[in-house]
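Chemist: Okay, predicted coordinates and the sequence, questions at the end:
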Amino acid sequence: MLSGFYTIASGLMTQQKKLETEGNNVVNSQTPGYRTQRVTATPFEQELYTRFENGNTENIGYASPATIVKNLTTRFNADNIKTTDRSMDVAIDGNGYFTIAGSDGKKYITRNGGFDVDDEGYLELPDCGRVLGTDKQPIKVGDTNFTVLSGGTVLTSAGQQAGTIMLTTPADDAELTQYSNGLFGAPANAPTGAAGGSVTLRQKALESSNVDLNREVSMLMEAQSALKSCSSALQIYDQINQKAASQIASV
């Protein structure tokens, strides 16, 4: 009788994770460079066989049907670049990511080019960290009247070269961990360099998130409905067990 609780509980946890993930997509629909995430679920019984099989095809037993969250997948397709007329906004037209030296000492990559200038005159991504140049040092622009050329060279308001924005290009099959503000963990040994060839930088422009808001809201409602159904099923199953216990005891 208790196996049913495990089945329903697995459904509750899976739908709760979907609800959280799709809600996060909706919240970040206006975050420049944000990438949509999806929950990948798998049957628990299949997961159990995969983990313990190791070439042995002997039946190891049966588990109650259940699903578990296997991982979060990220959709990396680029979205539209929109003109903002804000001089500190920079968009990447092509492949690659800006490289950020985080305030926590770690390095991140992002397609979010909504930059600003900190109190010391360095180009930064607000609340994240400073933008790195091809010399792997933060770029000091002095004030907000800087210019970014298509190849990534940054000129100060006085016309002096402040540095060249570094772009990191992870492999297509690289597993990137996504954080807030459209940040991803910088992969080790990923190629870095300046824009060039088919990749250019565009000042006074930002890349939108790739969140399809209509689809996300629909999936959010679907997850809410499924979560409610699992909750109702859990209550019904509990009532059935209570009645079974009381009737059996009265016999």
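Modeler: Good, I have the coordinates. Since we're looking at a predicted model, the values are computed, not measured.
Chemist: So, low pLDDT: which residues of the stretch 1-150 of the chain?
Modeler: Within the stretch 1-150 of the chain, the segments meeting pLDDT under 70 span 1-3, 44-65, 79.
Chemist: and the longest helix along the chain, what does it pack onto?
Modeler: Determined from DSSP state H, the single longest helix within the chain is helix 213-250. Helices and strands touching helix 213-250, as assessed by 3 or more CB pairs under 8 Å, 6 or more residues apart in numbering; DSSP states H and E, comprise helix 3-27. Just so you know, the C-beta spots here come from the backbone N, C-alpha and C atoms, and that holds for glycine as well.
Chemist: Next, the angle from the helix it packs on to helix 213-250.
Modeler: Here the directions of helix 3-27 and helix 213-250 differ by 160 degrees (axes from the mean of the first three to the mean of the last three CA atoms, to 10 degrees).
Chemist: right, and the helix or strand after helix 3-27?
Modeler: The element immediately downstream of helix 3-27 (helix or strand, assigned by DSSP states H and E) is strand 37-43.
Chemist: picking that back up, return the set of buried residues in the longest helix of the chain.
Modeler: Within helix 213-250, the residues scored as buried using 16 or more other CB atoms under 10 Å are 216, 219, 220, 223, 226, 227, 230, 234, 237.
Chemist: I'd like the residues you listed laid out as TSV, including pLDDT and distance to residue 146.
Modeler: Converted to TSV, the buried residues of helix 213-250 look like this (pLDDT from 0 to 100; distance: CB to CB, whole Å):
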residue	pLDDT	distance to residue 146
216	88	36
219	88	41
220	88	40
223	87	44
226	86	50
227	85	48
230	83	53
234	80	58
237	78	63
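Chemist: can these go into TSV with extra columns for distance to residue 154?
Modeler: As requested, these are exported to TSV (distance: CB to CB, whole Å):
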residue	distance to residue 154
216	35
219	40
220	40
223	44
226	49
227	48
230	53
234	57
237	62
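Chemist: what's across from the residue most central in space within the chain in the sheet?
Modeler: What sits nearest the mean C-alpha location of the chain, by CA atoms, centre = their mean, is residue 178, with 3.7 Å. Judged by DSSP bridges, the bridge partners of residue 178 are residue 184.
Chemist: Surely it and residue 37 touch.
Modeler: Yes - contact criterion CB atoms under 8 Å: residue 178 and residue 37 qualify, at 6.5 Å.
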